[in-house]
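K.L.:
Following is a predicted model, sequence given first.
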Amino acid sequence: TRVVVLADLVLDEFLHGEIARVSREAPVLIIDYKRMDAMPGGGANAIRNVRALGGEPIPVGVVGQDDAGDRLTALLEKEGIDTAGIGRITGYSTPVKTRVLAGLPHSRPQQVIRIDRGAVATVPADIAASACRRAAALLTRGTGALMRSDYGYDRVTPECAAAVVETARGNSITVTCDSRHRLKGYQGVTAITPNLEEAEEMLGIRLSDGPERLFTSGRELLAKVACKAVLITRGSQGMTLLEDGAAPFEIPVFGSDQVADVTGAGDTVIAAFTLALAAGSTFRNAALLADIAAGLVVMKRGTATVTAPELIDAINRMPPGAP
């Protein structure tokens, strides 16, 4: 299934080391460097998850004319992803998130610090508009979905993306969106996938006091974006699907509570959810698949993906009576 992904592209780095001692210069740890791993992050991780699940992602976004941009596009191409829709911009720094992981010998490494590079909203408006036009042109017959992964980096604002959303709707193409702090701006999309904090921000109230408040606020949340469904991710509490014309659907967390790493879990959720909808699934079944995919990916370290065989195997091993 073909999915056009209008995404903010980030390179994730993981610096692995071993804690040697406490410095005498300052109360900080001295870490012996072991290795550096890199993988697609941000919206690029959502793209990679679509590919791992068997879909055909068509990414549209921008990177800089820099080493990080070279590495990021090379990583996507290595996984068989077409990068022709990714523009290269002189003077733009590809966003990079470097996580330092360290631990004592024979212990599990933990994230010590994260260093972010690449300024937010530094892409010229005309280039952002050009990316939106590229995405709209790709919404041809045979496209199953348009997915917007908005990390706030490349200034493809909701206003800029509105025409792309309208083009998708005119062609009866499913539109999903995951956005940091700007979900209310993406009016008319099919579905959104906020976490609990983002849903609370949209409503201006706390939803963590109990499921009753979440349920009673569901209609207002749907109305604010004029969408058909909202899938709220709630960490260890699982997920809640709010669907137009249906009762709220609570989904328990899948798998063990012994989480290894939650980095990029939201990207896995929207990738699985979008791909299922694009393939003809109901909102409920798509949400269940996304919940299983999230439960699998948080058991992996780093910015990880879930493959179609892993998802199928997990479903086959579910006990009778599971949702």
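P.N.:
Perfect, I can see it now.

K.L.:
Pull the contacting residues for T1.
P.N.:
By CB atoms under 8 Å, 6 or more residues apart in numbering, the contact set of T1 is G54, G55, E56, G144, A145, L275, A278, A279. Just so you know, the C-beta spots here come from the backbone N, C-alpha and C atoms, and that holds for glycine as well.

K.L.:
burial count for the fifth one?
P.N.:
The burial metric for A145, expressed as a neighbour count using other CB atoms under 10 Å, is 27.

K.L.:
any idea which helix or strand comes after the helix or strand of the chain with the lowest mean pLDDT?
P.N.:
When each helix and strand of the chain is scored by mean pLDDT, DSSP states H and E, helix 211-225 comes last, with a mean of 75. Counting by DSSP states H and E, the next helix or strand C-terminal to helix 211-225 is strand 229-233.

K.L.:
Tell me the helices and strands packed up against that next one.
P.N.:
Contact here means 3 or more CB pairs under 8 Å, 6 or more residues apart in numbering; DSSP states H and E; on that basis strand 229-233 packs against strand 191-192, helix 196-203, helix 211-225, strand 239-243, helix 265-278, helix 283-297.

K.L.:
So for that strand, mean pLDDT?
P.N.:
Taken as a whole, strand 229-233 has a mean pLDDT of 93.

K.L.:
quick one: the strands in the stretch 51-200 of the chain?
P.N.:
In the stretch 51-200 of the chain, the segments counted as strands under DSSP state E, counting those that start in this stretch are 56-64, 86-89, 96-103, 110-117, 143-150, 174-179, 191-192.

K.L.:
Can you give the distance from the third one to the centre of its chain?
P.N.:
The reference is to strand 96-103. Distance of strand 96-103 from the chain centroid (CA atoms, centre = their mean, to the nearest Å) equals 19 Å.

K.L.:
what's the answer for the fifth one, then?
P.N.:
Between the mean C-alpha point of strand 143-150 and the mean C-alpha point of its chain there is a distance of 11 Å (CA atoms, centre = their mean).

K.L.:
partners of it, with directions?
P.N.:
Strand partners for strand 143-150, identified by DSSP bridges, are recorded as strand 2-7 (parallel), strand 174-179 (parallel).

K.L.:
Just the C-alphas of that strand, formatted as CSV.
P.N.:
Taking C-alpha atoms only, strand 143-150 is exported to CSV below (Å, rounded to 0.1, in the frame of the first residue of the first chain):
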residue,chain,number,x,y,z
THR,A,143,-2.2,6.1,-3.1
GLY,A,144,-3.7,4.6,0.0
ALA,A,145,-3.0,7.4,2.5
LEU,A,146,-1.3,10.8,3.2
MET,A,147,0.5,10.8,6.5
ARG,A,148,1.8,14.1,8.1
SER,A,149,4.5,13.7,10.7
ASP,A,150,5.0,17.2,12.2
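
K.L.:
quick one on the thing from earlier: can you list the helices and strands packed on strand 229-233 in TSV and add mean neighbour count and distance to I173?
P.N.:
Formatted as TSV, the helices and strands packed on strand 229-233 follow (neighbours: other CB atoms under 10 Å; distance: least, CB to CB, whole Å):
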stretch	mean neighbour count	distance to I173
strand 191-192	28	13
helix 196-203	18	24
helix 211-225	16	17
strand 239-243	23	19
helix 265-278	28	8
helix 283-297	23	15
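
K.L.:
so where's the stretch 101-250 of the chain uncertain?
P.N.:
Where the stretch 101-250 of the chain drops to pLDDT under 70, the residues are 121, 154, 208-215.

K.L.:
how close does the most centrally placed residue in the chain get to I315?
P.N.:
In the chain, the residue lying closest to the centroid (CA atoms, centre = their mean) is D267, at 2.2 Å. Going from D267 to I315 by CB to CB, to the nearest Å gives 21 Å.

K.L.:
Enumerate every residue touching the residue lying closest to I115 once chain neighbours are set aside.
P.N.:
Once flanking residues are discounted, I115 sits nearest to T98: 4.5 Å by CB to CB, 6 or more residues apart in numbering. Shown in contact with T98 (CB under 8 Å, 6+ apart): E13, F14, L15, R114, I115, D116, R117.

K.L.:
What helix or strand is V262 located in?
P.N.:
Using DSSP H and E, V262 falls outside every helix and strand.

K.L.:
Surely it touches V298?
P.N.:
Yes. Contact between V262 and V298 holds when scored by CB atoms under 8 Å: they sit 5.3 Å apart.

K.L.:
So what sits opposite A102 in the bridge?
P.N.:
Counting by DSSP bridges, the residues bridging with A102 are G17, Q110.

K.L.:
show me the contacts for it.
P.N.:
H16, G17, E18, I19, L29, I31, P109, Q110, V112.

K.L.:
what's the answer for A20, then?
P.N.:
By CB under 8 Å, 6+ apart, the residues touching A20 are L29, I30, I31, D32.

K.L.:
Can you give me the distance of S23 to I30?
P.N.:
Counting by CB to CB, the gap from S23 to I30 is 5 Å.
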